[in-house]
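> Provided below are the primary sequence and the corresponding predicted coordinates.
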Number of protein chains: 2
Amino acid sequence: MSKKFDIDFYIAHLSIDCVIFGYKDKELKVLVSKPKYNQGVWALPGGYILKTESIDSAANRILRNRTSLENIYLEQFRAFGDENRVLGSKNNSHLREGLSLLDKKMFNKTVIDWMTSRFVCIGYYALVDINQVEPQAGELDECIEWRGISDIKKMMHDHKAILAEALVALRLNFDRKLIGFNLLPVTFTMKDFQELYEAVYSKPFASNNFQKKMLDLNVLERLEKKFTGAQNKAPYLYRFKKK
Amino acid sequence: MSKKFDIDFYIAHLSIDCVIFGYKDKELKVLVSKPKYNQGVWALPGGYILKTESIDSAANRILRNRTSLENIYLEQFRAFGDENRVLGSKNNSHLREGLSLLDKKMFNKTVIDWMTSRFVCIGYYALVDINQVEPQAGELDECIEWRGISDIKKMMHDHKAILAEALVALRLNFDRKLIGFNLLPVTFTMKDFQELYEAVYSKPFASNNFQKKMLDLNVLERLEKKFTGAQNKAPYLYRFKKK
DNA sequence: GCAAAAGTGTTAGTCTTACACCCATGA
DNA sequence: TCATGGGTGTAAGACTAACACTTTTGC
């Protein structure tokens, strides 16, 4: 926790931001934090790349820190490299001030210069079962929580654009790569699955056709029924076939 | 030409590599160079990012240098960041030696250290009308030329993997974004267009169905016929409608 | 007229969409 | 036995793939 932040260990001017998607209450959520140094504004979990690790490892490390999960579904979707990405934004001085108010020893001028310099960032998106995650605030975070993707007003830097691009990439891959189950518990009903699709694509699907399409793909295993106590036919539970 | 290469102008450990696609003789081609400092091996055109420019600008600048064209169709497709991407490869010492044999003043130890350190690279692919391009070898290139995508044996570092990934991205976007015309002259016959598709996807298309599909899209403008002297019906020329 | 290949038409098959219906469940 | 929603069936439509046919061109 009180480890010194040594900028010499990291590649300068290059960072990683993660858009961690979860799903709950028929809504697609994103894990976002409120940085101590820039309150009132939401930020995507991010970090820097050790000189000795790959960018994929760095992204995994960042995810592990925030979710305590291993083997998360993770995909790189784009690099963001406007010349004034961090540097040029108006709140740069505000940001420097915020950082200097924290640990003075850890965040001396050199470190602050480093952190507020021009940064190219590589965007990753991750899909997690929201029930498995106990969100961990980073050292620099005031708090961290799940927010609906349309329920985040102000975001730091260009994080809102990064989130939007992540959603574009997610939608492009969602059906094609069949990655939806990463957002659900191991077993789920067909309705759960459909509602997830509806949340991702923000449009309704016909339940009968949806069911037929999914079953025809031959990737789902039908398990026992799930009795909910409701006065209707009990839905089957499904599980993704292991390869 | 004899401008000093000043590493202070560029972001360290971050580079851009461009996969420049062209099309000729029913084959998809890539523009590759033989670096002076590493002969016998092909390399993708690449470069570094000025601290004052965006990554997209950097990619455009690199393209302009090599093709003398403006407004090239360009798309970022992926970042490559293995921890030993440049550093770890066996030919690193070979590479240092090759560089040191060039201009000793320009490539002093500091510069060589910089250039052979660990690099994360952002991959872009570009589509150009091969007839419009007069390839320009860079300062560090022995030569530059168009090669068939399957006709390149040895490539530097992980450039072969980058090329392969670019092709995956191209195929994924080609039909969806209708970007094929960027590889053709302004006017072309339906057969030209079809053969381009066949080159990109490495599979045959039925000419009648291909024609129907393309015409139904309502993006092509039919021009006059093109008389080739062959003893068969003269094909129409087409042009992409401007928006 | 004839060969070559451009262009059009037609049909069968597949996939998508919409509607109708039956079934299990608990009150 | 009834309302509720899960699950299946079926028919219409759209899209795709394969085949046959007509048209233009230069020899």
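Received, thanks. Numbering: from 1, shown residues only, chains lettered A, B, ... in the order given.
> next, count neighbours for A:I11.
23 (other Cβ atoms under 10 Å in any protein chain shown). All C-beta atoms are positioned from the backbone trio N, CA, C, and that covers glycine.
> ditto for A:G81
Neighbours of A:G81 (other Cβ under 10 Å): 27.
> identify the residues contacting it.
A:V120, A:C121, B:I49, B:S54, B:I55, B:D56, B:A58, B:I122 (Cβ atoms under 8 Å, 6 or more residues apart in numbering or on different chains).
> ranges for the strands of chain A?
A:10-24, A:27-35, A:46-50, A:73-80, A:120-127, A:141-148, A:188-189, A:220-225, A:236-240 (DSSP state E).
> do you know which of these lies nearest B:R171?
B:R171 lies closest, by Cβ to Cβ, to one member of the strands of chain A: strand A:73-80, at 17.6 Å.
> so how far is that closest one from its chain's centroid?
10 Å (Cα atoms, centre = their mean, to the nearest Å).
> report the angle between the helix-or-strand element of chain A with minimal mean pLDDT and strand A:27-35.
In chain A, the helix or strand scored least confidently by mean pLDDT, DSSP states H and E is helix A:92-100, which has a mean of 83. Counting by axes from the mean of the first three to the mean of the last three Cα atoms, to 10 degrees, helix A:92-100 points 70 degrees away from the direction of strand A:27-35.
> what are the buried residues along helix A:92-100?
A:L95, A:R96, A:G98, A:L99 (16 or more other Cβ atoms under 10 Å in any protein chain shown).
> and what of stretch A:167-176?
The neighbour-count check on stretch A:167-176 (16+ other Cβ under 10 Å) flags A:L167, A:A169, A:L170, A:F174 as buried.
> still on that earlier bit, tell me the two of the contacts of A:G81 that are most distant?
Maximum distance among the contacts of A:G81 (Cβ to Cβ): 15.2 Å, for A:C121 and B:A58.
> mean confidence for stretch A:105-124?
Stretch A:105-124 shows a mean pLDDT of 91.
> residue ranges with poor pLDDT in chain A?
Low-confidence segments of chain A (pLDDT under 70): A:1-4, A:88-91.
> tell me how it divides into domains.
A:7-181, A:184-240 (automatic domain parsing).
> can the longest one be said to contact DNA strand C?
No - shown here: domain A:7-181 not in contact with DNA strand C (Cβ under 7 Å from any atom of the strand), separated by at least 9.6 Å.
> any idea how far apart the tips of that domain sit?
Chord length of domain A:7-181, first to last residue, is 38 Å (Cα to Cα, to the nearest Å).
> need the contact partners of the longest helix anywhere in chain A.
Criterion DSSP state H: the longest helix present in chain A is helix A:159-177. Helix A:159-177 has contacts (Cβ under 8 Å, 6+ apart) with A:17, A:19, A:21, A:30, A:42-44, A:75, A:77-78, A:80, A:121, A:123, A:125, A:127, A:149, A:152, A:155, A:179-180, A:197, A:200-201.
> any of these buried? List them.
A:17, A:19, A:21, A:30, A:42-44, A:75, A:77-78, A:80, A:121, A:123, A:125, A:127, A:149, A:152, A:155, A:180, A:197, A:200.
> which ones, among those, also lie beside chain B?
Among those, the residues within reach of chain B (Cβ under 8 Å from any Cβ of the partner chain) are A:R78.
> confirm for me that A:S33 is in contact with A:R147.
No - using Cβ atoms under 8 Å as the test, A:S33 is too far from A:R147 to be in contact (10.2 Å).
> which of the two has more neighbours?
Each of A:S33 and A:R147 has its neighbours counted (other Cβ under 10 Å); A:S33 has more, 22 against 15.
> can you give me every residue that contacts that one?
A:W42, A:A43, A:P45, A:A137, A:G138, A:D141, A:E142, A:C143, A:I144, A:E145.
> again, but for A:F193
A:G180, A:F181, A:L184, A:F210, A:M214, A:Y238.
> if we use 7 Å, what do you get?
A:G180, A:L184, A:M214 (Cβ atoms under 7 Å, 6 or more residues apart in numbering or on different chains).
> so how far is A:Y125 from A:F188?
From A:F188 across to A:Y125, the span is 21 Å (Cβ to Cβ, to the nearest Å).
> near DNA strand D, which residues of chain A?
Going by Cβ under 7 Å from any atom of the strand, the residues of chain A near DNA strand D are A:189-191, A:207-209, A:211-212, A:215, A:225, A:230-236.
> quickly list what A:D17 is bridged to.
Beta-bridge partners for A:D17, by DSSP bridges, are A:G46, A:G123.
> shouldn't it be in contact with A:I49?
No - using Cβ atoms under 7 Å, A:D17 is not in contact with A:I49; the gap is 11.8 Å.
> neighbours of A:D8, how many?
With other Cβ under 10 Å as criterion, A:D8 counts 7.
> OK, contacts around it?
Counted by Cβ under 7 Å, 6+ apart, A:D8 has zero contacts.
> next one: it from DNA strand D, what distance?
Here the criterion is Cβ to the nearest atom of the strand, to the nearest Å. By it, A:D8 lies 55 Å from DNA strand D.
> equivalent analysis for A:T110, please.
For A:T110, the distance to DNA strand D equals 58 Å [Cβ to the nearest atom of the strand].
> if we ignore the residues flanking it in sequence, what's nearest that residue?
A:I7 (7.1 Å; Cβ to Cβ, 6 or more residues apart in numbering or on different chains).
> closest one of the contacts of A:F193 to DNA strand D?
A:M214 (9.9 Å; Cβ to the nearest atom of the strand).
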